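Asks: Sequence and predicted structure are below.
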Amino acid sequence: PEWHFRDPVIIHYHWLAYPDGFLQPCLLQRCGRRIDSFNAKLRAEALTLAPSSHLRSNKPSPSNQDDPKVIVGSGWWCDESSHEWAIGSDATRTVAFFDVWYRQVIRTLNPHKIVVTDSASPVKPDHRSYGPIEWIELDRNYGHPNDIRVGHVQTKYSGFTRSVINGAMYALCCEADFYVYVEQDCLIHGVEFLRQAIGDSKESFLLGPPTEGGKGLHGSVAVPMLQQSLMIVRRDGLERFLEGLLGAPWTDGEKSPEEIMRLRLSPYGFLNVPYGRSRPINFTRSHFYAQHLDDEELHEFLQLEHVQFSDAEFAFSTKPDNE
């Protein structure tokens, strides 16, 4: 434990950096802060001088006047250890994963803004070094819906619902054409993803169909509930969307957020792309989204997107065993 409190000085690095020069994350707390600071300065210098390919991929492409105005919402929570309700690889709840998440959101949705609601997380990315992010910090962690259900937290809205409401209100105030909620551990794949996900749907609100074949808590089979890791709300449905959530008479512990949406937001439609929590995933599809990725699935997604991550925060490693 004492290594977490030793403050390092960066004097040299070689295999600890990505090809574009950014340092790989480290699990040690103070070392991680130094690395975040180094990477933030490198991003700032590169933006001023000559952006690298990494930075170009993170910056939104110039918008066409005909492009819809998209606001993306999400939440953030990260700690040194996983919470008891966590499903999927521990890597999906790390600062390193946020970089992958952000990259995919920018590439697939080209949003006007990304609104992240931070539940007073003790560990967070250097959000100021990224592009169009509005980072909103709550005064405390309001917990998972299950925390409310079992009495660990006494409140109406979980951290998830607060992040959904926060982003939706921002989208309404900015007169966005679309509000797209992408959960913290959800990755998207496919160009012009929004158009593909909407398809021929006419509904104002689209979410994922009930889970099929997914993994639940503690290795159980996931309950076939509506899915909220990716949601799309059109401008004409934002007020009804917010009223439905804010006017619900139940807490997130009395009825799950999925059930509250089913009861309060009808009529709604389903996304035109799989999978969310459903399994199996066909990684050869042109468009899909995935939540609760395990180590093997996450590795396959990164290979698909040609993302090079082999740092210690991921459960798998591409390094030789003797290194």
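Replies: Received the coordinates, thanks. Residues are numbered from 1 along each chain as shown.
Asks: where along the stretch 51-200 of the chain do the helices fall?
Replies: Using DSSP state H, counting those that start in this stretch, the helices of the stretch 51-200 of the chain run over 53-58, 95-109, 145-149, 159-173, 193-198.
Asks: So which of the ones you listed is nearest His4?
Replies: Closest to His4 of these, according to C-beta to C-beta: helix 95-109, at 15.1 Å. Heads up, the C-betas are built off the backbone N, CA and C, glycines and all.
Asks: Quick check: mean pLDDT of that closest one?
Replies: For helix 95-109, mean pLDDT rounds to 92.
Asks: Adjust the sequence numbering to begin at 43 for everything that follows.
Replies: All right, first residue 43 from here; so that's helix 137-151.
Asks: if we can go back for a sec, need the helices of the stretch 93-242 of the chain in a markdown table with mean neighbour count, can you?
Replies: Shown next, in a markdown table, are those (neighbours: other C-beta atoms under 10 Å):
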| stretch | mean neighbour count |
| --- | --- |
| helix 95-100 | 14 |
| helix 137-151 | 21 |
| helix 187-191 | 20 |
| helix 201-215 | 22 |
| helix 235-240 | 19 |
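Asks: Any figure for the gap between Val265 and Trp119?
Replies: 22 Å (C-beta to C-beta, to the nearest Å).
Asks: same question, Val137
Replies: Taken as C-beta to C-beta, the span from Val137 to Trp119 is 12 Å.
Asks: Please apply the same query to Phe325.
Replies: For Phe325 relative to Trp119 (C-beta to C-beta), the value is 27 Å.
Asks: what's the answer for Arg276, then?
Replies: Where Trp119 is concerned, Arg276 sits at a distance of 28 Å (C-beta to C-beta).
Asks: just Arg277 next, same as before
Replies: 29 Å.
Asks: Those two: which is more packed in?
Replies: A direct count of neighbours by other C-beta atoms under 10 Å for Arg277 and Trp119 places Trp119 higher, at 21 against 16.
Asks: wouldn't that one be in contact with Tyr184 here?
Replies: No. If you go by C-beta atoms under 8 Å, Trp119 and Tyr184 don't touch, sitting 10.1 Å apart.
Asks: Can you check which residues contact both of these two?
Replies: Shared contacts of Trp119 and Tyr184, defined by C-beta atoms under 8 Å, 6 or more residues apart in numbering, comprise Ser161, Gly201.
Asks: out of everything not next to it in sequence, what's closest to Ala290?
Replies: Ile302 (4.9 Å; C-beta to C-beta, 6 or more residues apart in numbering).
Asks: got the contact list for the helix or strand that contains the one you found?
Replies: Using DSSP states H and E, Ile302 sits within helix 299-306. Outside of helix 299-306, the residues within contact range by C-beta under 8 Å, 6+ apart are 187, 200, 202-203, 206, 249, 267-270, 286-287, 289-290, 292, 294, 297, 310.
Asks: Strands of the stretch 143-292 of the chain, residue ranges please.
Replies: Remark: strands assigned in the stretch 143-292 of the chain by DSSP state E, counting those that start in this stretch are 155-160, 175-179, 220-224, 229-231, 247-250, 269-276.
Asks: Tabulate those strands (CSV), appending mean neighbour count and mean pLDDT.
Replies: Shown next, in CSV, are the strands of the stretch 143-292 of the chain (neighbours: other C-beta atoms under 10 Å; pLDDT from 0 to 100):
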stretch, mean neighbour count, mean pLDDT
strand 155-160, 23, 98
strand 175-179, 16, 96
strand 220-224, 26, 98
strand 229-231, 23, 97
strand 247-250, 23, 97
strand 269-276, 24, 97
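Asks: Include distance to Ser131 when you put those into CSV, please.
Replies: CSV is the format used below for these (distance: least, C-beta to C-beta, whole Å):
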stretch, distance to Ser131
strand 155-160, 21
strand 175-179, 24
strand 220-224, 17
strand 229-231, 11
strand 247-250, 20
strand 269-276, 15
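Asks: Low-confidence ranges, the stretch 143-292 of the chain, go.
Replies: 259-260 (pLDDT under 70).
Asks: tell me the centre residue of the protein?
Replies: Centroid-nearest residue in the chain: Gln226, 2.5 Å away (criterion: C-alpha atoms, centre = their mean).
Asks: can you tell me which residues contact the closest residue to Val265 other than its chain neighbours?
Replies: Of all residues not flanking Val265 in the chain, Gly258 sits nearest, at 6.4 Å (C-beta to C-beta, 6+ apart). Applying C-beta under 8 Å, 6+ apart to Gly258 gives the contacts Ile129, Ala264, Val265.
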